[in-house]
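> output the structure for:
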Amino acid sequence: MIIREMAERDLDEVVDIENELFTDAWKLDYFLHELRENDLSHYYVMEDDGTIIGYGGLWILFENCDITNVAITKKRQGEGLGRLLLNHLLNKAYEEGCEYVHLEVRVSNRKAISLYERNGFAITRTRKGYYSDNHEDAYDMIKCIVGGLK
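Below is the predicted model of the structure:
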């Protein structure tokens, strides 16, 4: 099992996972934009035996980090891989000098909310109608990483 930087050659598998998991899935051109044009973005894939089983991304702007994606293919969920990927992203944010890590999550995504809470994130507010596919609310969550990761 390895976690490495995402490359354009990975995008077919990444988009397949995105479509498997999300009703408002990102399209190929969005990922291409992130890899080619967004200087704030950092994307990673989790690979097992040559197959991509997950991916995650973040944007770093000064002392702030926004996690954009944490995704593990349905077949491999429940193995603790989401925690490993999240920890990788948090370590990258810390290495880059970030003080706060922020993310949004669907209020119905209990598994993800539980993962984030177990890793020190707290809900700060509810964003009404945040998701465009069904106008579902999102929780804003934040974690302070000043002084190290816990």
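
> quick one: residues contacting the residue nearest to Ile145 when sequence neighbours are not counted.
Once flanking residues are discounted, Ile145 sits nearest to Tyr94: 5.2 Å by Cβ to Cβ, 6 or more residues apart in numbering. Using the backbone N, CA and C atoms, a C-beta is placed for each residue, glycine as well. Residues near Tyr94 by Cβ atoms under 8 Å, 6 or more residues apart in numbering: Ile145, Gly148, Leu149.

> residues near the last one, how many?
Taking other Cβ atoms under 10 Å as the neighbour definition, Leu149 ends up with a count of 13.

> ok, the first one next?
As a burial measure, the neighbour count of Ile145 was computed by other Cβ under 10 Å and equals 19.

> tell me the confidence at Lys150?
pLDDT, Lys150: 65.

> same deal with Asn134?
72.

> now it: closest residue in space that isn't a chain neighbour?
Here the residue nearest Asn134, using Cβ to Cβ, 6+ apart, is Thr23, at 7.0 Å.

> helix/strand/coil for that neighbour?
coil (DSSP: H, G, I helix; E, B strand; the rest coil).

> pretty sure it is touching Asp133, no?
Yes. Using Cβ atoms under 8 Å, Thr23 makes contact with Asp133 at a distance of 4.8 Å.

> ok, longest helix in this protein?
helix 81-95 (DSSP state H).

> any stretches of this structure with poor pLDDT?
150 (pLDDT under 70).

> that one: helices as residue ranges?
Counting by DSSP H, the helices of the chain are 11-21, 28-36, 81-95, 110-118.

> out of these, which is the most enclosed?
helix 81-95 (a mean of 18; mean count of other Cβ atoms under 10 Å).

> now do the contacts for His88.
Contacts of His88 were listed using Cβ under 8 Å, 6+ apart, and they are Ile3, Tyr44, Gly56.

> how about a cut-off of 6 Å?
Ile3 (Cβ atoms under 6 Å, 6 or more residues apart in numbering).
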